[in-house]
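Chemist: need coordinates for the following:
(chains A and B)
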There are 2 protein chains.
Amino acid sequence: MVLRNFDEMVEKVKGFPTRKTVALVAAEDEHALEAVLDAEKEGIVRPILVGDEVKIREILAKLNASDDYEIVNEPDCNKAAYKAVELVRNNKADFLMKGKIETAGILKAVVDKENGLGQGRLMSHIAINEVPSYHKLIVVTDGGMVLYPTLEQKKEIINNAVEILLKLGYERPKVGVLAAIEKVNPKMPESVDAGQLKEMNLNGEIENCIVEGPISFDLAFYKEAAEIKGYKSEVAGDVDVFVVPNITTGNVLGKSLVYAANGKMAGLIVGAKVPIVLTSRGSSAEEKFLSLVLAAATS
Amino acid sequence: MVLRNFDEMVEKVKGFPTRKTVALVAAEDEHALEAVLDAEKEGIVRPILVGDEVKIREILAKLNASDDYEIVNEPDCNKAAYKAVELVRNNKADFLMKGKIETAGILKAVVDKENGLGQGRLMSHIAINEVPSYHKLIVVTDGGMVLYPTLEQKKEIINNAVEILLKLGYERPKVGVLAAIEKVNPKMPESVDAGQLKEMNLNGEIENCIVEGPISFDLAFYKEAAEIKGYKSEVAGDVDVFVVPNITTGNVLGKSLVYAANGKMAGLIVGAKVPIVLTSRGSSAEEKFLSLVLAAATS
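Modeler: Okay, the predicted model is just below:
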């Protein structure tokens, strides 16, 4: 089973027996709040608004929204993060979304050793993209969190992405570890890592997926390109997850899929006990909505 | 002046008073030979076929092509590279194209200290892409030659790309040095380099272009994304040249523009006295043709 597009993911979430609850951290952010309310209207989430109650009520009024949403008043945004984490720990919220707070502020509460949501694993960013030129959703990781992952970190990045896809119903996602070439070349460390990740998969060290690498974008994405080059792999032309060597490659790829290839994207921080939606001011309303859908589908 | 698409480049080359001559190195390669003959039919180039004459004539017969092309017989492909370089040095050919020879073999002849085509500059790869979602051609460099360029090498990579665009008629190309972020961050060396390249441009060390960096893909490519983020730059939404931090980022970006964004591409090695067309077996016939057009336009 694979998801061909975001509509299928939206339908999946709408079919859940109960709505997932999002705790919006420092909810006094008009764009984030609007996105949460939109998702609420669409039947995707139930919101708890954690933050400066006065400001939140002002924005709700401005948006002509109902004023009976659950609000946890905490004007200090960093404390609001801890309160939102507490809601998750007490099973009152299923996942977090960032409002008017720095990313570092929300992550600090999440990774708190005593009262956080860490589970001793690497936290990483995954972007899921829908592009008209591809037959199913495609993950890019990590283009938003881990700067220059080591081999061990890449293994965890793969595990995090695979876990998310399994939660979405995939059975054995196809992972392509990207490089500029298809053969291991000691002069290109990312190709060496890619070869080792493939080995780890064959050895059973990385499970529940098929890892191919090093593999170039065209061979993973386009079956004919692989055929012309005589490159045989289950992942060729049918990749589910692109693993990139560093944040810049991931960021550039993710953005090019959205802006150059007319795609849509959803993004999440994964690896903690629950997913975290970290959209930015530059994110479109659609990206914020789809990220909430993805978080609801996988929390 | 900018080129909006490859058709404009083809028209430009067809308008030249004389055809450029391509020396095809180890011309006994069916795909490369076919591409050269197609470009010849289109009025783009005049070919000299350097290589194994017997095999070349066999392929010409197989392709139902004329047998009166100029052939320089040299069955040893590495020696053929030296002969082709000699043709350029004697002004009998305007640029080179790789046939049935390893890239290293052709480059060895090109960089030969005594009889080569080096000019003491870094050689780099540029890809020019046409994508339906962008209003003009867009360069990606270097996604094919220099693995992990230093700051000084990035400067030369920019100079090489700018020189090619000036030859195409551009006046002051807009260069975006890509990173995952828009601010210099010491934890991300490519953002530091990007900031320094911008400085070098402001200081007059890098000339005839506008360099912006660090800049993310979306801000350089899509004006609205820059407006939402309040990012002001002449390069925002109007970039001509993407400079990438390493070969993998460039390769992934170039391939995603072709395969995910339904683009077309032309590629060249530049920095020697003449351009070199280095297409591979995986390159489409269109890519080979457009690369010949680009080489003819800039040699």
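
Chemist: tell me the phi and psi of A:Arg46?
Modeler: phi -110, psi 130 (degrees, to the nearest 10).

Chemist: quick one: contacts for it?
Modeler: A:Arg19, A:Lys20, A:Thr21, A:Val22, A:Glu40 (Cβ atoms under 8 Å, 6 or more residues apart in numbering or on different chains). All C-beta atoms are positioned from the backbone trio N, CA, C, and that covers glycine.

Chemist: save those as TSV, and put in secondary structure too.
Modeler: Shown next, in TSV, are the contacts of A:Arg46 (DSSP: H, G, I helix; E, B strand; the rest coil):
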residue	secondary structure
A:Arg19	coil
A:Lys20	strand
A:Thr21	strand
A:Val22	strand
A:Glu40	helix
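
Chemist: which of these lies closest to A:Gly237?
Modeler: Among the contacts of A:Arg46, A:Lys20 lies closest to A:Gly237 (Cβ to Cβ), at 34.0 Å.

Chemist: any idea what the closest one is bridged to?
Modeler: Bridge pairing for A:Lys20 (DSSP bridges) gives the partners A:Val45.

Chemist: that one: how many residues sit nearby?
Modeler: 21 (other Cβ atoms under 10 Å in any protein chain shown).

Chemist: need the pLDDT of it.
Modeler: Looking at A:Lys20, its pLDDT stands at 97.

Chemist: so what's it up against?
Modeler: A:Val13, A:Ile44, A:Val45, A:Arg46, A:Asp94, A:Phe95, A:Ala295, A:Ala296, A:Ser299.

Chemist: now swap in A:Gly51 and tell me
Modeler: A:Gly51 makes contacts with A:24-28, A:71-75, A:77, A:80, A:99-100, as judged by Cβ under 8 Å, 6+ apart.

Chemist: what number of residues lie near the closest residue to it other than its chain neighbours?
Modeler: Spatially, and ignoring its direct neighbours in sequence, A:Gly51 is nearest to A:Ala27 (4.1 Å; Cβ to Cβ, 6 or more residues apart in numbering or on different chains). Using other Cβ under 10 Å, A:Ala27 is surrounded by 32 other residues.

Chemist: does A:Ala27 sit in a helix, a strand or a coil?
Modeler: Criterion first, three-state DSSP; result for A:Ala27: coil.

Chemist: could I have the CA atoms of the helix-or-strand element of chain A with minimal mean pLDDT written out in PDB?
Modeler: Sorting the helices and strands of chain A by mean pLDDT, DSSP states H and E puts helix A:223-228 at the bottom, at a mean of 91. What follows is helix A:223-228, C-alpha atoms only, in PDB (Å, rounded to 0.1, in the frame of the first residue of the first chain):
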ATOM      1  CA  LYS A 223      12.200   4.200 -14.400                       C
ATOM      2  CA  GLU A 224      13.300   4.900 -17.900                       C
ATOM      3  CA  ALA A 225      16.500   6.600 -16.800                       C
ATOM      4  CA  ALA A 226      17.400   3.500 -14.900                       C
ATOM      5  CA  GLU A 227      16.500   1.300 -17.800                       C
ATOM      6  CA  ILE A 228      18.700   3.300 -20.200                       C
END
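
Chemist: list the buried residues of it.
Modeler: A:Ala225, A:Ala226, A:Ile228 (16 or more other Cβ atoms under 10 Å in any protein chain shown).

Chemist: helix or strand for the nearest residue to the second one once chain neighbours are set aside, which one?
Modeler: When you say that, I think you mean A:Ala226. Nearest residue to A:Ala226, sequence neighbours excluded (Cβ to Cβ, 6+ apart): A:Ala236, at 3.6 Å. A:Ala236 belongs to no helix or strand when assigned by DSSP states H and E.

Chemist: A:Ala236: neighbour count?
Modeler: Every residue meeting other Cβ under 10 Å relative to A:Ala236 is counted, giving 24.

Chemist: tell me the predicted confidence for it.
Modeler: 98.

Chemist: that one and A:Ile128: what is the separation?
Modeler: Counting by Cβ to Cβ, to the nearest Å, the gap from A:Ala236 to A:Ile128 is 21 Å.

Chemist: do A:Leu3 as well
Modeler: 9 Å.

Chemist: and what of A:Leu122?
Modeler: For A:Leu122, the distance to A:Ile128 - Cβ to Cβ - is 19 Å.

Chemist: ditto for A:Leu37
Modeler: Counting by Cβ to Cβ, the gap from A:Leu37 to A:Ile128 is 23 Å.

Chemist: between these two, who's got more neighbours?
Modeler: Using other Cβ under 10 Å as the criterion, A:Leu37 and A:Ile128 rank with A:Ile128 on top: 29 against 20.

Chemist: can you say which helix or strand has that one in it?
Modeler: Counting by DSSP H and E, A:Ile128 is part of strand A:124-130.

Chemist: what is the mean pLDDT for that strand?
Modeler: According to the model, strand A:124-130 has a mean pLDDT of 98.

Chemist: and the helix or strand following it, what does it pack against?
Modeler: Next along the chain after strand A:124-130, taking DSSP H and E as the criterion, comes strand A:138-141. Secondary-structure packing of strand A:138-141 (3 or more Cβ pairs under 8 Å, 6 or more residues apart in numbering or on different chains; DSSP states H and E): strand A:124-130, helix A:151-167, strand A:241-243, helix A:247-259.

Chemist: 6 Å instead, please
Modeler: strand A:124-130, helix A:151-167, helix A:247-259 (3 or more Cβ pairs under 6 Å, 6 or more residues apart in numbering or on different chains; DSSP states H and E).

Chemist: how about that strand: buried residues?
Modeler: So, applying 16+ other Cβ under 10 Å, buried residues of strand A:138-141: A:Ile138, A:Val139, A:Val140, A:Thr141.

Chemist: ditto for stretch A:159-177
Modeler: For stretch A:159-177, by 16+ other Cβ under 10 Å, it's A:159-165, A:168, A:170, A:173-177.

Chemist: contacts made by it with the rest, please.
Modeler: Stretch A:159-177 is contacted from outside by A:1, A:124, A:126, A:139, A:141, A:158, A:194, A:197, A:208-213, A:215, A:220, A:235, A:238-243, A:270-271, A:297-298, using Cβ atoms under 6 Å, 6 or more residues apart in numbering or on different chains.

Chemist: which of these are buried?
Modeler: A:124, A:126, A:139, A:141, A:158, A:194, A:197, A:209-213, A:215, A:220, A:235, A:238-243, A:270-271, A:297-298.

Chemist: which bits of the stretch 1-150 of chain A sit near chain B?
Modeler: A:Val131, A:Ser133 (Cβ under 6 Å from any Cβ of the partner chain).

Chemist: can you pull out the strands in the stretch 1-150 of chain A?
Modeler: Here the stretch 1-150 of chain A has its strands, by DSSP state E, counting those that start in this stretch, at A:20-25, A:45-51, A:70-73, A:95-98, A:124-130, A:138-141.

Chemist: got a pLDDT number for the residue positioned nearest the centre of chain A?
Modeler: The residue lying closest to the centre of chain A (Cα atoms, centre = their mean) is A:Leu268, at 2.6 Å. A:Leu268 is assigned a predicted lDDT (pLDDT) of 97.
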